[in-house]
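Enquirer: Structure here, sequence nowhere to be found:
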DNA sequence: CTGAAAGCGCTTACAG
DNA sequence: CTGAAAGCGCTTACAG
């Protein structure tokens, strides 16, 4: 690894000059053409690479950010991957190195967060599953000078800017769409309160009454989003004799489980029952009936979160914002 | 951010002593108990965090590795995510920071690789999609002192240790299983030569002849693994009147497409046709008929690759190795 | 136009 | 038992 000193020695000039030439910081005064060229040539020849450590040491700035990610979403939904993709892209464009901290076990969260040294990155974006109990620790890290940004549905603390999602709009959009397609008796899996709220809002705006038997109670956690859990709930409703012509699923996994169950019983999708999901995952295309779904914009939000963090590091004022989900219409909800 | 000097000043000792106490490097001589305690207390009070930059500057070691990942696998297969999970876990256990370089566009690959400064990480694990044209650049980086390890199916260069997969075994295992379940006329999608080779080996070992009409030619690239491409190929074969009782798909996406098509034609899975996939993805559980599939062990391989890199950085000798895929049996291939 | 010097935060012989 | 000094690779006033 060649250093500035190596170049300086070989060319026969001072380290200062080499530094200035390499960084194009000669100012108005400049330097002799021959020297400039000799230095640049030698740097090239020696394969000179700047040493980030010494630069950071001097600048008191790391040029690096951390991503603290608790893996989220159903296996197959690729929310985590899409989100990382957006963050990595932004980090690259902003010339920031990106350190990944990937958590999978709930028990590890706090401990991993404690290992997040402030002298390693200029800031961190929190993502994935959030842990309420981490807030005091986060505020402590913030006080120690670590810039913090998050990308959850909603801000977790007034002092931590967030790139959110209008969560309520997910089911609002899909339910509204189902109504436009002629559905009157719509069911939903009550997995996430805000989503159910959006479902109710769309129903009420359309003047439709919600049949509470069709708001299937679900575990409000990981398992609630699963295909098999939704399938079981659906079977219960069918056996109880409840009637419906639309299902606003709160995940694609739920939707695919539901569609498989309906078809196996000879109930046609979308002719007899229309179905929508959430995540716009690979399931949507792979399902026997391609699934209408709501895109939560993970890549866009990941990108925005990193941009926001960069602003914060630069000392600018930033505010939490929200991305709107988008309905992607496929076969499961539209009779052609 | 408190420094050693801050602590030294406040306690009234030298920086050297603080350094030794903080790092438990007092040696045999030791130091006065009161001082040790005073220093540790002050460090705690000031929230002292070691500065990684100065340490790296001195040690000529970064304590960080890079992951150069070209996102791979079908959307929904979560190979990339699973792989990252294993790498992150290993990095954490080995006390290494992990820098993620996430590439999605083919055109960017080389350029991104060039941006991989040697003074930033001690080594890099290459993963995901591989680019043949990158080899000269990789060898150059290696010569500059960057440790390199990869986790592709096969090693890409004799000088770059690899945590591989016995790719041929994927279809060998699934085909063998289909034969054990009574299949005699087995089809495959010829998407990856080594997988097709494994298919042929299993057939030949069982004394079964391969019907070349049932080796469906596929684009040997991304699109070849897709659900819709496989479905189209299957429809062609069905319309040509080819007979088969088993399908060894080369991805879960292919399998799910095939199963959906068969069922829609009233052909039963697994009773009439048995189907297997590869990836052991979320599709397997979500499909109307849960899919027997081959696990490529991405998490385990990611973990192993980082361990290997650490060994290399430590100056140890390492050798390429291979992980064996594992067959996960589900409903699509077994009549209960 | 060019260079000497100080200093970022730390560790490691070495001296006392 | 404790500390002064050198040095990792770099940048930035400042002096000439």
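Expert: Okay, I see it. Not measured: the values here are computed from a predicted model.
Enquirer: Quick one: name the residues of chain A near DNA strand C.
Expert: A:12-17, A:26, A:29-32, A:35, A:54, A:57-58, A:60 (C-beta under 7 Å from any atom of the strand). In short, each C-beta sits where N, CA and C put it, glycine included.
Enquirer: Keep only those of those residues that are in helices.
Expert: Counting by DSSP state H, the residues of chain A next to DNA strand C place A:15-17, A:35, A:54, A:57-58 in helices.
Enquirer: what two of the residues you listed have the greatest distance between them?
Expert: A:35 and A:57 (27.4 Å; C-beta to C-beta).
Enquirer: Kindly state the beta-bridge partners for the residue nearest to residue A:155 when sequence neighbours are not counted.
Expert: Residue nearest to residue A:155 in three dimensions, not counting chain neighbours: residue A:162, with 3.9 Å by C-beta to C-beta, 6 or more residues apart in numbering or on different chains. Beta-bridge partners of residue A:162, counted by DSSP bridges, are residue A:150.
Enquirer: where along the stretch 1-150 of chain A do the strands fall?
Expert: A:64-70, A:97-103, A:123-128, A:147-150 (DSSP state E, counting those that start in this stretch).
Enquirer: can I get those in a markdown table with distance to DNA strand D?
Expert: As requested, these are exported to a markdown table (distance: least, C-beta to the nearest atom of the strand, whole Å):
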| stretch | distance to DNA strand D |
| --- | --- |
| strand A:64-70 | 16 |
| strand A:97-103 | 16 |
| strand A:123-128 | 21 |
| strand A:147-150 | 21 |
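Enquirer: any chance of the ones you listed in TSV, plus mean pLDDT and mean neighbour count?
Expert: As requested, those are exported to TSV (pLDDT from 0 to 100; neighbours: other C-beta atoms under 10 Å in any protein chain shown):
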stretch	mean pLDDT	mean neighbour count
strand A:64-70	93	24
strand A:97-103	91	23
strand A:123-128	94	25
strand A:147-150	96	24
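Enquirer: still on that earlier bit, only the buried subset of the ones in helices among the residues of chain A next to DNA strand C, as a ChimeraX command please.
Expert: To isolate the buried ones among those in ChimeraX, judged by 16 or more other C-beta atoms under 10 Å in any protein chain shown, type:
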select /A:17,54,57
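Enquirer: Could you dump the strands of the stretch 1-150 of chain A into JSON lines with distance to residue B:245 added?
Expert: Listed next are those as JSON lines, based on distance: least, C-beta to C-beta, whole Å:
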{"stretch": "strand A:64-70", "distance to residue B:245": "45"}
{"stretch": "strand A:97-103", "distance to residue B:245": "43"}
{"stretch": "strand A:123-128", "distance to residue B:245": "44"}
{"stretch": "strand A:147-150", "distance to residue B:245": "53"}
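Enquirer: Below-threshold pLDDT in the stretch 1-150 of chain A: ranges please.
Expert: Judged by pLDDT under 70, the stretch 1-150 of chain A has no weakly predicted residues.
Enquirer: Show me what from it comes close to DNA strand D.
Expert: Counting by C-beta under 7 Å from any atom of the strand, the residues of the stretch 1-150 of chain A near DNA strand D are A:1, A:3-5, A:15-16, A:19-20, A:22-23, A:25, A:48, A:50-51, A:54-55, A:57-58.
Enquirer: So among the residues you listed, which ones count as buried?
Expert: By 16+ other C-beta under 10 Å, these give A:3-4, A:20, A:48, A:51, A:54, A:57 as buried.
Enquirer: Roughly how far does the residue of the stretch 51-200 of chain A found nearest DNA strand D sit from residue A:1?
Expert: Relative to DNA strand D, the nearest point of the stretch 51-200 of chain A is residue A:54 (3.0 Å; C-beta to the nearest atom of the strand). Going from residue A:54 to residue A:1 by C-beta to C-beta, to the nearest Å gives 12 Å.
Enquirer: And chain A, what are its domain boundaries?
Expert: With domains defined by automatic domain parsing, chain A comprises A:4-50, A:64-165+A:298-324, A:167-296+A:328-333.
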